[in-house]
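> Can you look at this prediction? I've put the sequence above it.
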Amino acid sequence: MLARSALRTIATPSSRLFHQSAARQTKVAVLGAGGGIGQPLSLLLKNDPLVTSLSLYDIRGAPGVAADVSHVDTGSEVAGYAADQLDQALEGVKVVVIPAGVPRKPGMTRDDLFNTNASIVRDLAAAIGRVAPTAHILVISNPVNSTVPIVAATLEKAGVFDPKRLFGVTTLDVVRAARFLAGLSSVSPAESPVTVIGGHSGATIVPLLSQSEYGKKITGEAYEKLVNRIQFGGDEVVKAKDGAGSATLSMAYAGAKFTHALLRGLNGEKGVVTPTFVKSPLYADQGIDFFSSNVELGPNGVEKIHEIGPLTAEEQKLLEACLPELKKNIEKGKAFVAN
């Protein structure tokens, strides 16, 4: 039987991740808390010392998840809300995490999820704009390349859009890149971080391996296989689950990791930098106004959007494949709200 300290370590996204001061805590809402991502995400956030209280909402199951998670022996309070209680769930919330939506099944792309998840995300964004217009919004619901522009356009219609407060969670790509590279390099993932830019689906995912100490050593066929695995790691999970779901546990981990990074920034910690999909000037001249790159997080949310840095010929080719696809995804999201 594991000691309680061992269990606590396992329950957190990483031992380093949650060893931060809880000087300024906050209220976090999870919209879609009853789902495959929402349940483990809620558990991980319950264990985050920077979270004062959790507000768990879903069209079904959230009160039960809240009752279950509330028994975990950490300081935060937990409340669950049913389908007709969305406004109550959002009251006083500073950070909203949205994993709501349907999961991918074998043979489906993230874009195949668009019609269902677009409506869900739009309606949740409208409620946030009405009840918690100053909240920081973290979008997990796929396809992120389109759902983030949907949230932005919905908030713009309501007159409350602040680009510094809206984030697409692309952390799973970063997590996978570090894990896969570590396996090839026989090091700890903590030693092999990789910046991942672009978007959050297939060819729009561009890992900058040349900017990693270990990544730049990967060449030839091994490089091509690694890039492909980072770009299509989600397909690997969907196939392995054989119709039973998609990447839920790893996505929950990634969502909790990014939420914690944002909370650290909001609390005034300096130097919190991580890739995330935000409204960005980097490729706006090409009609691409949302892009994932290293972003410094701070008290205002987005404090600084970092430049991409030098690219190899291989990475430049990946970026050239990314941009037109990403532009199409973004325009699809905007058109959904406009129409």
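Perfect, thanks for sending it. Just so it is clear, the structure is predicted and the values come from calculations on it, not from any experiment. Numbers count the residues shown, from 1 in each chain.
> list the contacts for I120?
The contact partners of I120, taken as CB atoms under 8 Å, 6 or more residues apart in numbering, are 100-101, 141. Glycine gets a C-beta too; all of them are placed from N, C-alpha and C.
> let's see 10 Å
If you count contacts by CB atoms under 10 Å, 6 or more residues apart in numbering, I120 has them with 31-32, 59, 98, 100-102, 113, 141, 147, 150.
> And for R122?
Residues counted as contacts of R122 (CB under 10 Å, 6+ apart) are 147, 150-151, 153-154, 157, 333, 336-337.
> Reformat these as TSV; add neighbour count and pLDDT.
Below are the contacts of R122 laid out as TSV (neighbours: other CB atoms under 10 Å; pLDDT from 0 to 100):
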residue	neighbour count	pLDDT
T147	32	97
I150	28	98
V151	27	98
A153	19	98
T154	23	98
K157	15	97
G333	26	97
F336	20	96
V337	18	97
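> Closest to V194 out of those residues?
T147 (23.9 Å; CB to CB).
> What helix or strand is the spatially closest residue to that closest one that is not a sequence neighbour located in?
Nearest residue to T147, sequence neighbours excluded (CB to CB, 6 or more residues apart in numbering): V121, at 4.6 Å. Using DSSP states H and E, V121 maps to helix 114-131.
> after that helix, next one along is what?
strand 136-139.
> by contact count, what packs against the helix or strand following that following strand?
Next helix or strand after strand 136-139 toward the C-terminus (DSSP H and E): helix 144-158. Applying 3 or more CB pairs under 10 Å, 6 or more residues apart in numbering; DSSP states H and E, one finds that helix 144-158 makes contact with strand 95-98, helix 114-131, strand 136-139, strand 166-168, strand 272-283, strand 288-298, helix 313-338.
> go with 8 Å
With contacts defined as 3 or more CB pairs under 8 Å, 6 or more residues apart in numbering; DSSP states H and E, the packing partners of helix 144-158 are helix 114-131, strand 136-139, strand 166-168, strand 272-283, strand 288-298, helix 313-338.
> In CSV, list those along with distance to V65.
Supplementary listing: those in CSV, determined by distance: least, CB to CB, whole Å:
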stretch, distance to V65
helix 114-131, 17
strand 136-139, 18
strand 166-168, 23
strand 272-283, 26
strand 288-298, 27
helix 313-338, 29
